[in-house]
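Undergrad: Build me a structure from this.
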Amino acid sequence: MDPAVDAFVAHRNLLFTVAYEMLGSTADAEDVLQETWLRWADADHAAVRDARAYLVRITTRQSLNRLRTIGRRRESYVGSWLPEPLLTTPDVADDVELAEHVSMAMLLVLETLGPTERAVFVLREVFELDYDEIAATVEKSPAAVRQIAHRARSHVAARRPRGTVSTADARRVLDAFRRAVETGDVQGLLDVLAPDVVLLGDGGGIRQALSRPVRGADKVARLLASRRIRVAALSLRPAEVNGHPALVLVVDGEIDTVVALRIDDGLVTGLYAVRNPEKLSHLRRPTALSR
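TA: Numbers count the residues shown, from 1 in each chain. Sure, this is the predicted structure:
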């Protein structure tokens, strides 16, 4: 294999993870990887001392360019915008820090950062790049990057999930939630929903979904109970989504909705239901992530 191809393939999962963390979109992340490959293919490889660092730098810059473009697209998005869910392999859940940073809840927090803040936070907190390397990537001084990192870290800390939940506890909550939804058990739902739980739905204007967030355990519980699974052709299946246990609603053998949960202190504080078929088309197989 050509050394340039070999280097790109060796780091592809890492590069996809960088792009996905930056964009929250599989399709856009794949486009960024294509652009990264084209620039890598044209590079003077003999002058590249660290292929990984060089490729991460290209990927981040291309992600920044794409982020500014899709920001305008999202302003006209119909209803709530949610990140594209990923089916992930068990090794992602085993890496607790990676699983936290690619969770649907964290990706929504990252959406509240500016493009440069997001790049600095992702490169520093997720991939542990040093400040000099990040500075070269975002074309700012190391001192400026340190300030941006501090500001972004404080911003995220105020909004991120409140603590790490073990896989066993997450599955316990998920199983209880699933049973309550399937049976329309309002009290069962109230037992696992936090008082301030928020339910978001994303249909992208293509499929029916919530037009606005639903807040509060009572409202969310009664809404979910009223839509309990009644038809034999429908089923709720557990899955590993973005490194965490989630549910997939299957209708006539096709994925209709992915429901990701945010769990804090043993209760569900966030529910993210993605129905937009354009965001579900890649869920035929797990996506490999790495850092």
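Undergrad: isn't Leu190 right next to Asp218, touching?
TA: Yes. At 7.3 Å, Leu190 counts as touching Asp218 under the criterion of C-beta atoms under 8 Å. Heads up, the C-betas are built off the backbone N, CA and C, glycines and all.
Undergrad: the more surrounded of those two?
TA: Using other C-beta atoms under 10 Å, the more surrounded residue of Leu190 and Asp218 is Leu190, with 17 against 13.
Undergrad: And the more buried one, its phi and psi?
TA: phi -60, psi -30 (degrees, to the nearest 10).
Undergrad: start the count at 57, not 1, going forward
TA: New numbering, starting at 57: the last item is Leu246.
Undergrad: Point out the other helices and strands that the longest helix seen in the chain packs with.
TA: Using DSSP state H, we find that the single longest helix of the chain is helix 107-131. In terms of contacts (3 or more C-beta pairs under 8 Å, 6 or more residues apart in numbering; DSSP states H and E), helix 107-131 is packed against helix 59-79, helix 82-97, helix 171-177, helix 187-194.
Undergrad: Of those helices, flag the one that's most buried.
TA: Burial of the helices and strands packed on helix 107-131 is given as mean neighbour count (mean count of other C-beta atoms under 10 Å); helix 171-177 ranks first at a mean of 22.
Undergrad: send the alpha carbons of that helix over as CSV?
TA: Provided in CSV are the C-alpha atoms of helix 171-177 (Å, rounded to 0.1, in the frame of the first residue of the first chain):
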residue,chain,number,x,y,z
PRO,A,171,-16.7,27.4,15.9
THR,A,172,-13.2,28.2,17.2
GLU,A,173,-14.2,27.5,20.9
ARG,A,174,-15.6,24.2,19.8
ALA,A,175,-12.4,23.3,17.9
VAL,A,176,-10.2,24.2,20.8
PHE,A,177,-12.4,22.3,23.3
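Undergrad: can you give me how far that helix is from the chain middle?
TA: Remark: helix 171-177 is offset 16 Å from the chain centroid, using C-alpha atoms, centre = their mean, to the nearest Å.
Undergrad: which other helices and strands contact that helix?
TA: helix 107-131, helix 187-194, helix 198-213.
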